[in-house]
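J.: heads up, no residue letters with this:
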């Protein structure tokens, strides 16, 4: 028996063509965690959106974005970590501004509709945004 990957790590520059790799990696991890197709697609789309919104925040001195997709027993977490502008990847300011949009033009409300939680912190010169989607047990029908 072989151990199956529980985490995928990607390191990207701000090339829009790489967003497909993020979607595929996140959807694969979500599928392995047991998410239904719609939940896989939501998490993959939210991750791609957050990456797209992060690209303009990358600095010339540290032009890379680290993306980690990790599955746990009850959830999948997608973490975006970058050096550069000390702002959330997902533009938390837009959540408080009534969904007027991120720096990159996306809607905070659309992101929140696709994931269950967005966490942000910064430490040691790096900004870290984590998208969390919980695995909901299937509701069994009772007679």
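T.: It's in. Please read these numbers as outputs of a predicted model, since none were measured by experiment.
J.: quick one: residues contacting residue 119.
T.: Taking CB atoms under 8 Å, 6 or more residues apart in numbering, we find residue 119 in contact with 129, 130, 132. For glycine as for every other residue, the C-beta is placed from the backbone atoms N, C-alpha and C.
J.: following the longest helix seen in the chain, which helix or strand comes up?
T.: Across the chain, the longest stretch assigned as helix under DSSP state H is helix 37-54. Using DSSP states H and E, the helix or strand that follows helix 37-54 in sequence is strand 65-71.
J.: gap between the following helix or strand past that following strand and the chain center?
T.: Using DSSP H and E, the helix or strand that follows strand 65-71 towards the C-terminus is strand 75-83. Taking CA atoms, centre = their mean, to the nearest Å, the mean C-alpha location of strand 75-83 is offset from the chain mean by 6 Å.
J.: point to the residue nearest the middle of the protein.
T.: The centroid of the chain falls nearest to residue 47 when counting by CA atoms, centre = their mean (3.4 Å).
J.: who's in contact with that one?
T.: Applying CB under 8 Å, 6+ apart, we find residue 47 in contact with 22, 23, 26, 67, 69, 78, 131.
J.: the residues you listed into TSV, with extra columns for distance to residue 9 and neighbour count?
T.: Listed next are the contacts of residue 47 as TSV, based on distance: CB to CB, whole Å; neighbours: other CB atoms under 10 Å:
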residue	distance to residue 9	neighbour count
22	11	24
23	16	18
26	12	27
67	7	25
69	8	26
78	11	27
131	15	26
